[in-house]
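Asks: need coordinates for the below:
(chains A, B, C and D)
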There are 2 protein chains.
Amino acid sequence: MKISTKGRYAVKVMFDLALNNTGECIKVKDIAARQNISEKYLEQIIAILNKAGYVNSVRGAQGGYRIARAPEEYTIGMILRLTEGSMAPVACLEEGAECEQCDTCETLEVWRDLYDAINQVIDHVTIADLVAKRQQREGSLDYCI
Amino acid sequence: MKISTKGRYAVKVMFDLALNNTGECIKVKDIAARQNISEKYLEQIIAILNKAGYVNSVRGAQGGYRIARAPEEYTIGMILRLTEGSMAPVACLEEGAECEQCDTCETLEVWRDLYDAINQVIDHVTIADLVAKRQQREGSLDYCI
DNA sequence: TTTATTTCCTATTATTCTAGTAGGATTATT
DNA sequence: AATAATCCTACTAGAATAATAGGAAATAAA
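Replies: You can find the predicted model right below:
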């Protein structure tokens, strides 16, 4: 039960765009270098974020991407669901996919509890939280030196 | 991020063995029929449970399987980890697989929270809980009719 | 002792998913 | 005109999933 690179990289992209946001455009090449991810693969992932309106793009030379809204408005859950699809641990819990045995399936109740716990975490952490953590870390680092 | 059939079927096997435990041997064929799973595939899954000592086997005619210990002693987490491997949402969280960037990885903290939440659920539900739910359901059903 | 029944063991396979790679079209700046 | 960037689509190697298949070994019943 793993989160794929697609979802993980998408979170890293949003984090990178939020952390390095100065109003200027940020190039895929730079994100790829900073996050140590294949440039061409990142292109495909950021295309998903772009189509969903999570980022804005500027084409041509000196173009790039900017985060569309405030980092507070993006939860990890939103980004994972967009790129990975449903975060339900079993297909039975997804919309429109009810099996006939669901009414008498004790294990399904466990999966539902698991699903709730997963959502509880990913829907309560935002990109802003990650940025704050990084800045806190950097701050204390400066303080130490 | 899905639990595979391997893990789900293993839980179903343990549940079935606990629910139908009379001291007699239970055949794979019967479990497969009750749980609506391929018999040959179940054989492979129950072999894992057998090797781990979660079930006891009796070979030959009139043979079969019995749950080894009390249903209270088997958590869903134990069964899933045995059949699926680690339930960590990312490889970085698995033992002996630390990447170099872990110290300065904000997203890793989210995955750790997620991992904790997952473990919290699967380690606190036992096979006995599932059996109790089924018996409760059957009881109330009898009461209704 | 033979037959039937059951677990045990290993190999094979079709399908899907993952994680990219590749190549070029389009758009905008310099 | 040259360069730099996004955009778009196709392709692919490898791994994982979810079985299927065939028979060997063990045991009980006839």
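Asks: wait, A:N20 sits on A:I26?
Replies: Yes: A:N20 is in contact with A:I26 according to C-beta atoms under 8 Å; the separation is 5.9 Å. (Glycine included, C-beta is placed from N, CA and C.)
Asks: between the two, which has more neighbouring residues?
Replies: Higher neighbour count among A:N20 and A:I26: A:I26, with 22 against 14, using other C-beta atoms under 10 Å in any protein chain shown.
Asks: not counting sequence-adjacent ones, nearest residue to the more buried one?
Replies: Leaving aside its sequence neighbours, A:I26 sits nearest to A:G64 (C-beta to C-beta, 6 or more residues apart in numbering or on different chains; 4.8 Å).
Asks: before we move on, what about A:A70?
Replies: In this structure, A:A70 finds its nearest non-sequential neighbour in A:A128, 7.2 Å apart by C-beta to C-beta, 6+ apart.
Asks: now do the one you found against A:L17, distance only.
Replies: For A:A128, the distance to A:L17 equals 12 Å [C-beta to C-beta, to the nearest Å].
Asks: the more surrounded of those two?
Replies: Legend: neighbour count by other C-beta under 10 Å for A:A128 and A:L17, higher for A:L17 (24 against 16).
Asks: my read: that one touches A:Y54, true?
Replies: No: the pair A:L17 / A:Y54 is not scored as a contact, 9.1 Å apart, by C-beta under 8 Å.
Asks: overlap in contacts, the two.
Replies: Shared contacts of A:L17 and A:Y54, defined by C-beta atoms under 8 Å, 6 or more residues apart in numbering or on different chains, are found at A:I67.
Asks: what values do phi and psi take at the closest residue to A:V58 other than its chain neighbours?
Replies: Excluding the flanking residues, the one nearest A:V58 by C-beta to C-beta, 6+ apart is A:C25, at 5.1 Å. The phi and psi values for A:C25, taken as degrees, to the nearest 10, are phi -80, psi 140.
Asks: could you do the one 5 residues further on as well?
Replies: Taking degrees, to the nearest 10, you get phi -70, psi -40 for the backbone angles of A:D30.
Asks: tell me the contacts of it?
Replies: Neighbour list for A:D30: A:G64 [criterion: C-beta under 8 Å, 6+ apart].
Asks: now it: how far from B:I37?
Replies: Counting by C-beta to C-beta, the gap from A:D30 to B:I37 is 50 Å.
Asks: ok, now A:V13?
Replies: In this view, A:V13 and B:I37 are 40 Å apart by C-beta to C-beta.
Asks: and the two? Which one has more around it.
Replies: A:V13 (27 against 19).
Asks: so does the host helix or strand of that one get close to chain B?
Replies: Counting by DSSP states H and E, the element that carries A:V13 is helix A:5-19. Yes: judged by C-beta under 8 Å from any C-beta of the partner chain, helix A:5-19 comes into contact with chain B at A:8, A:11-12, A:15.
Asks: with just CA atoms, put that helix into PDB.
Replies: Output of helix A:5-19 as PDB, limited to C-alpha atoms (Å, rounded to 0.1, in the frame of the first residue of the first chain):
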ATOM      1  CA  THR A   5       6.000   8.800  -7.200                       C
ATOM      2  CA  LYS A   6       3.300  10.700  -9.100                       C
ATOM      3  CA  GLY A   7       1.500  11.800  -6.000                       C
ATOM      4  CA  ARG A   8       4.700  12.300  -4.000                       C
ATOM      5  CA  TYR A   9       6.300  14.400  -6.700                       C
ATOM      6  CA  ALA A  10       3.100  16.500  -7.100                       C
ATOM      7  CA  VAL A  11       3.200  17.400  -3.400                       C
ATOM      8  CA  LYS A  12       6.900  18.300  -3.800                       C
ATOM      9  CA  VAL A  13       6.100  20.500  -6.800                       C
ATOM     10  CA  MET A  14       3.400  22.400  -4.900                       C
ATOM     11  CA  PHE A  15       5.800  22.700  -1.900                       C
ATOM     12  CA  ASP A  16       8.600  24.000  -4.100                       C
ATOM     13  CA  LEU A  17       6.400  26.500  -5.900                       C
ATOM     14  CA  ALA A  18       5.100  27.800  -2.500                       C
ATOM     15  CA  LEU A  19       8.500  28.000  -0.900                       C
END
